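J.: Whatever this is, show me its structure:
(4 chains)
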There are 2 protein chains.
Amino acid sequence: MAQDTRERLLDQAEALFAERGFYGVSIAAIASELGLTKQALLHHYGSKEKLYGEVLKRISSRFMALKEQLSEPDPVQGLKTYFLALLKKDQLGPHATTVLMRELLDNKRRADTAGTWYLKGFLQNLIDQVKEVSRWQNASDAQILAFVYQILGAINYFEISQPTLTGIFGQDFYQHLDESYPDQLLHFIDVGLAAGPPTGN
Amino acid sequence: MAQDTRERLLDQAEALFAERGFYGVSIAAIASELGLTKQALLHHYGSKEKLYGEVLKRISSRFMALKEQLSEPDPVQGLKTYFLALLKKDQLGPHATTVLMRELLDNKRRADTAGTWYLKGFLQNLIDQVKEVSRWQNASDAQILAFVYQILGAINYFEISQPTLTGIFGQDFYQHLDESYPDQLLHFIDVGLAAGPPTGN
DNA sequence: GGCATAACTTACCATATGGTAGGGTGTCAA
DNA sequence: TTGACACCCTACCATATGGTAAGTTATGCC
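T.: Presented below is the predicted three-dimensional model:
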C-alpha cells in the first residue's frame, strides 16, 4: 500500500507537471488529487524538486528502455520502429514527451545537466543507427544529428500541438490528421534517409 | 517617454515569459528589471494576464508580417525563404518561438482560443503555398499540414534545444550544428517537396 | 506486550505573489 | 493659475506556496 501511494503520487505528479509545468503545480494540488495532504507527499519525496527529479528519472528510464527497438536487421527499419514508438505513447506514457519538452524550455535557466545525461545516450544511439544506413556512412555527426533532430521535432512538436490544432481545425480534422501522421512521418524518414545528407552543390 | 516605458516593459515581459514561463515570472521581477515597481507595470497593463496577452498579440502580429515572404514567383523558393525566416530570429525576435511553444503547451489547460486565431491564418498560408507546388496539387489538406508541421517541428524543437544540446555536445559542436542547420533544413524541404505526399503502396 | 518505524495528519510559519488604495509629481491644456 | 490626467510610488492586503515541527495511528518485528 505504501509503495502504491508513492507510485500514485509519482503518476499524478507526472501528469500535472506535464499539464501545467513545474511552477504551475503546487505539491498540495498533486497530493490533493489522491485525497492526501501535501505533507504525505513531502514525507515520501522530501521536496518538490526531488519529486520532480524522480519524475524525470522515471521518464528517462522509459526512454532508455526504447533502445531495444533499434536492434533490427535493417537499420532503416530499426529507425522507423524507434521513431514510431516515440510517436505512439504506449511505452512512454502519455505525458513523457510533454514533460521533456518543458524541461528543454526550462533548461536554459536551470542550467544543470542533471536531466540531460540520458539524452546524450539517447541521441548517440540514434546517430550510430543512422550511420548504419549506407547513404549516411560518410556524413558528419552534425549532419546526422540535424537529420535526427528534424524527425524528433516533427514528432514532439506535433504532439504538443494537439489541443491547439483541434481548436483551429476541429476535432474531426485533427483525428484524421492524427491517424495519418505516422504514415506521413515514416514516409519522410524514408525519403530523408534515401536522399542522404545535403551535398554542397 | 511614456510610450518608451510601455514598450520596454513589453520587451522585458516577452524575454522573461520566454525564459521562465507565465507562472515562473512575477510582474515585480519584470518591472524590477527596468528599475520600476510592479505598480508601474500594473498602471500600464492592468493585470499580469493582460500583459501576457499583449506579448502574444505583438508576437502574432510579427508572424503575420512574415506572410510577405511567400510572395515569390517560385512557390518552393517562397516556402524556403519563409521557413528560413522562422529559423533565423531576425524578424520575430529571439523569444517569439519560445513563447509560442510554451503557449502551445499551456493551451491544453487554458483552452481559450484567444491565441490561436492568428495561427490558423499562418498555417493556412503555408498550406495554400504548398498547394502551388506541382507534386502536391492533389494532396489532401491533412497531408499538407502534416508536412508543414514536420518542418515547423524541426525548426522550433531545434530552437528550444539549444541550451541542452550545448550542454551535451559542447559549445563548439553546437555552433557548428547551428551554422549548418539552415542548409540541412532547406535540403530536406527540397527533398520532401520533391517527393510529394506518401502514396499508399 | 512493547517498541520502532512508516505513513500520514493538523498547526504553524516565512515568503512570494497579484492586486487595491491612495498619495505625490510632472505636464499640458483651458 | 488651476484642474485634469499620466505616471509612478509607498503602503497594505488576501491568498498561495514550500517547508518545518510535532503529534497520531497503524504495522510489523522482537
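
J.: Look up the closest residue to residue A:37, ignoring the ones flanking it.
T.: residue A:31 (5.8 Å; CB to CB, 6 or more residues apart in numbering or on different chains). All C-beta atoms are positioned from the backbone trio N, CA, C, and that covers glycine.

J.: Can you report how many residues neighbour that neighbour?
T.: 22 (other CB atoms under 10 Å in any protein chain shown).

J.: same check, this time on residue A:146
T.: For residue A:146, using other CB under 10 Å, the count is 25.

J.: Quick one: mean pLDDT over the helix or strand encompassing it.
T.: Assigned by DSSP states H and E, residue A:146 belongs to helix A:141-160. In this model, helix A:141-160 has an average pLDDT of 96.

J.: Mind checking what helix or strand follows it in sequence?
T.: helix A:162-169.

J.: Could you see whether chain B lies near that next one?
T.: Yes - under the criterion of CB under 8 Å from any CB of the partner chain, chain B is reached by helix A:162-169 at A:162-164, A:167-169.

J.: how far away is the residue sitting nearest the centre point of chain A from residue A:86?
T.: Ranked by distance to the mean C-alpha position of chain A (CA atoms, centre = their mean), the top residue is residue A:97 at 3.1 Å. Separation of residue A:97 from residue A:86 (CB to CB, to the nearest Å): 7 Å.

J.: Quickly list what's touching both of these two.
T.: residue A:155 (CB atoms under 8 Å, 6 or more residues apart in numbering or on different chains).

J.: Please tell me how far residue A:35 sits from residue A:54.
T.: Distance from residue A:35 to residue A:54, by CB to CB: 21 Å.

J.: again with residue A:107
T.: Look at residue A:107 and residue A:54: by CB to CB, they are 18 Å apart.

J.: neighbour count winner among the two?
T.: residue A:107 (23 against 18).

J.: so that one is in which element?
T.: helix A:96-110.

J.: export the following helix or strand past that helix as PDB, just CAs?
T.: Using DSSP H and E, the helix or strand that follows helix A:96-110 towards the C-terminus is helix A:117-131. Output in PDB follows, covering the C-alpha atoms of helix A:117-131 (Å, rounded to 0.1, in the frame of the first residue of the first chain):
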ATOM      1  CA  TRP A 117      22.700  12.700 -19.300                       C
ATOM      2  CA  TYR A 118      20.200  10.300 -20.600                       C
ATOM      3  CA  LEU A 119      19.500  12.400 -23.600                       C
ATOM      4  CA  LYS A 120      23.100  12.100 -24.700                       C
ATOM      5  CA  GLY A 121      22.900   8.300 -24.800                       C
ATOM      6  CA  PHE A 122      19.500   8.600 -26.500                       C
ATOM      7  CA  LEU A 123      20.800  10.800 -29.200                       C
ATOM      8  CA  GLN A 124      24.000   8.900 -29.600                       C
ATOM      9  CA  ASN A 125      22.100   5.700 -30.200                       C
ATOM     10  CA  LEU A 126      20.200   7.400 -33.000                       C
ATOM     11  CA  ILE A 127      23.300   8.800 -34.500                       C
ATOM     12  CA  ASP A 128      25.000   5.400 -34.500                       C
ATOM     13  CA  GLN A 129      22.000   3.900 -36.100                       C
ATOM     14  CA  VAL A 130      21.800   6.400 -38.900                       C
ATOM     15  CA  LYS A 131      25.500   5.700 -39.600                       C
END
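
J.: Could you export the residues of helix A:162-169 next to chain B as JSON lines, including distance to residue A:22?
T.: Below are the residues of helix A:162-169 next to chain B laid out as JSON lines (distance: CB to CB, whole Å):
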{"residue": "A:162", "distance to residue A:22": "21"}
{"residue": "A:163", "distance to residue A:22": "20"}
{"residue": "A:164", "distance to residue A:22": "21"}
{"residue": "A:167", "distance to residue A:22": "25"}
{"residue": "A:168", "distance to residue A:22": "28"}
{"residue": "A:169", "distance to residue A:22": "30"}
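
J.: closest to DNA strand D among those?
T.: residue A:163 (21.9 Å; CB to the nearest atom of the strand).

J.: I'd like the distance between the residue nearest to residue A:91 when sequence neighbours are not counted and residue A:167.
T.: Setting aside the residues directly before and after it, residue A:91 is nearest to residue A:85 in space (CB to CB, 6+ apart), at 5.7 Å. Residue A:85 sits 28 Å away from residue A:167, going by CB to CB.

J.: Provide the contact partners of the longest helix that chain A contains at residue level.
T.: When chain A is parsed with DSSP state H, its longest helix is helix A:171-195. Residues outside helix A:171-195 that contact it (CB under 8 Å, 6+ apart): A:76, A:79-80, A:83-84, A:87-88, A:130, A:133, A:135-136, A:147, A:150-151, A:154-155, A:158, A:162, A:165-166, A:169, B:141-143, B:145-147, B:150, B:187-188, B:191-192, B:195, B:197-198.

J.: and the angle for the helix or strand of chain A with the lowest mean pLDDT with helix A:141-160?
T.: In chain A, no helix or strand scores lower on mean pLDDT, DSSP states H and E than helix A:96-110, which sits at a mean of 87. Interaxial angle of helix A:96-110 relative to helix A:141-160 (axes from the mean of the first three to the mean of the last three CA atoms, to 10 degrees): 120 degrees.

J.: Tell me the helices and strands packed up against helix A:96-110.
T.: Here helix A:96-110 touches helix A:2-20, helix A:48-65, helix A:141-160, helix B:2-20, helix B:96-110, helix B:141-160, helix B:162-169, going by 3 or more CB pairs under 8 Å, 6 or more residues apart in numbering or on different chains; DSSP states H and E.

J.: Done for today, thanks.
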